[in-house]
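[1] need a structure here:
(one chain, ligands or ions: 1)
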Amino acid sequence: MSVLADPSAAGILHRAALRAIRAPSIHNTQPWRFVLTGDALEIHADRNRRLDVLDPRGRQLLISCGCALLHARIAIEAAGRKPLLLRFPDGRGSDVVASLWVGSPQRYPDSVTLETAIDDRRTNRRAFAAEPVPTSLISELQRVAAAEGTVLHHIEKPEQRAVIIRLNAQADRIERADPAYLEEIHCWTTDDLRRPDGVQAASVPYVGPDAEQATDQTAGLVIRGFDVRGMGWLPAANSTESTECLLLLCTRQDDPLDWLRAGEALERVWLTLTAHGYWASPLTQLIEVRSTHEQLRTELHLTDHPELLLRVGRAPYVEPTRRRAPADVIVERN
Ligand SMILES: Cc1cc2nc3c(=O)[nH]c(=O)nc-3n(C[C@H](O)[C@H](O)[C@H](O)COP(=O)(O)O)c2cc1C
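    Prediction:
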């Protein structure tokens, strides 16, 4: 692989690591470390931050690392340079998920817009307005997902939406019946505004003590119940509008490389819709519970592998969430 001898490369890679830190991750666990080696940036998975109950295979951990990788790629592109990239340079079992170098000058027309969208993107768990997302935007999102080696299904038919709503509620009930799952959620949610990781009370809807009853009576899509302390700041919304735009991101295989690619695709889709003024929030319960995952594939006749469901729409603003400090996640190894 040819890398230009270039004194500006180190600065571009450092900035790429800073932009990668802003990526979304499951429960805001930020399961990554960035190693700068002079002419390369390595992205390492930090398996100490894996969610053992919810994500024992580390699938969502690698999707999260894929989101960070996409941010780093966009930052290099926005600097007007070609990102040179090896995924899993030491093999798929390794914690080094990618190595990046700065290549030759090149123009990437969307890169500055997408780079700016990094700061505007959030998980917005409010109910979305009942206005349709334009089909031209959905087609664009499908195109960018395909360019990242994945498939983005638009869940349009009422019978498909009904399957998703039912399986999502079923997965939520199964997970909430497990004390270990609730304990894990408890560890990763917080109302401490100084905590640099975990899901903040400011970004989840109020649920309170009637969660069980509320979930069972709703006809819409249930949002994961993070509000285990009854301190959610957003308006109570136990389910979202049944008309919301739903997109299902799938991969062709079900292995670590596909999970990483799913994260890259997710983030390119998410930044693109952000740049168009839309919000999104992922829903993964029906995919992480084995029985609902299998039912989903069977009932929707999917030949590919579902990785993540995304709600897309318009809603009022939500605050950005915190990240760990660069000094805690960026290592320089010259
Ligand atoms: C792989 C993955 C799975 C996620 N699953 C859910 C989910 O099931 N429910 C949810 O409300 N948010 C989910 N999220 C959103 C994260 O909680 C969110 O990205 C994180 O708390 C950081 O917040 P931000 O996206 O606003 O920066 C998921 C994010 C990722 C990357």
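
[2] quick check: the residue of this structure nearest the ligand.
    residue 24 (3.0 Å; C-beta to the nearest ligand atom). (C-beta placed from N, C-alpha, C; glycine too.)

[3] distance of residue 161 relative to residue 175?
    When distance is defined by C-beta to C-beta, to the nearest Å, residue 161 is 21 Å away from residue 175.

[4] likewise for residue 141?
    Counting by C-beta to C-beta, the gap between residue 141 and residue 175 amounts to 28 Å.

[5] the two - which one has more neighbours?
    Here residue 141 and residue 175 are set side by side on neighbour count (other C-beta atoms under 10 Å), and the busier one is residue 141, at 26 against 22.

[6] where does the more buried one fall, phi/psi-wise?
    Recorded main-chain torsions at residue 141 are phi -60, psi -40, according to degrees, to the nearest 10.

[7] give the contact list for it.
    Residues counted as contacts of residue 141 (C-beta atoms under 8 Å, 6 or more residues apart in numbering) are 152, 247, 269, 272-273, 312.

[8] mind checking pLDDT for the closest residue to the residue of the chain closest to the ligand other than its chain neighbours?
    The shortest distance from residue 24 to any non-neighbouring residue, by C-beta to C-beta, 6 or more residues apart in numbering, is to residue 67 (5.5 Å). Here the pLDDT value assigned to residue 67 is 99.

[9] before we move on, what about the one 3 residues further on?
    The pLDDT attached to residue 70 in the predicted structure is 98.

[10] report the contact partners of it.
    Here residue 70 is in contact with 23, 148, 263-264, 267-268, 271 (C-beta under 8 Å, 6+ apart).

[11] then residue 306?
    Residues counted as contacts of residue 306 (C-beta under 8 Å, 6+ apart) are 248-250, 287, 293, 296-297.

[12] ok, 7 Å please
    Residue 306 makes contact with 248, 250, 287, 293, 296-297, according to C-beta atoms under 7 Å, 6 or more residues apart in numbering.

[13] now the helices: where do they sit in the stretch 201-334 of the chain?
    Secondary structure of the stretch 201-334 of the chain by DSSP state H, counting those that start in this stretch: the helices cover 211-217, 256-275, 285-288, 290-299, 326-329.

[14] same list, these, but as JSON lines with distance to residue 73 please.
    Listed next are these as JSON lines, based on distance: least, C-beta to C-beta, whole Å:
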{"stretch": "helix 211-217", "distance to residue 73": "38"}
{"stretch": "helix 256-275", "distance to residue 73": "8"}
{"stretch": "helix 285-288", "distance to residue 73": "25"}
{"stretch": "helix 290-299", "distance to residue 73": "29"}
{"stretch": "helix 326-329", "distance to residue 73": "18"}
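
[15] relative to residue 87, which of these is closest?
    Each of the helices of the stretch 201-334 of the chain was checked against residue 87 via C-beta to C-beta, and the shortest separation belongs to helix 256-275, namely 6.0 Å.

[16] rebuild the helices of the stretch 201-334 of the chain as JSON lines, extending it with mean neighbour count and distance to the ligand.
    Formatted as JSON lines, the helices of the stretch 201-334 of the chain follow (neighbours: other C-beta atoms under 10 Å; distance: least, C-beta to the nearest ligand atom, whole Å):
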{"stretch": "helix 211-217", "mean neighbour count": "14", "distance to the ligand": "14"}
{"stretch": "helix 256-275", "mean neighbour count": "24", "distance to the ligand": "7"}
{"stretch": "helix 285-288", "mean neighbour count": "25", "distance to the ligand": "6"}
{"stretch": "helix 290-299", "mean neighbour count": "16", "distance to the ligand": "13"}
{"stretch": "helix 326-329", "mean neighbour count": "13", "distance to the ligand": "15"}
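
[17] out of these, nearest to residue 106?
    Distances from residue 106 to each of those were compared using C-beta to C-beta; the shortest belongs to helix 256-275, at 17.2 Å.

[18] and of the contacts of residue 70, the nearest to residue 99?
    Within the set of these, residue 264 lies nearest residue 99; the separation is 14.7 Å, counting by C-beta to C-beta.

[19] residues from this structure in reach of the ligand?
    Those residues of the chain that sit near the ligand, judged by C-beta under 6 Å from any ligand atom, are 24-28, 60, 63-64, 67, 122-123, 125, 199, 203, 223-224, 281-285, 308, 321.
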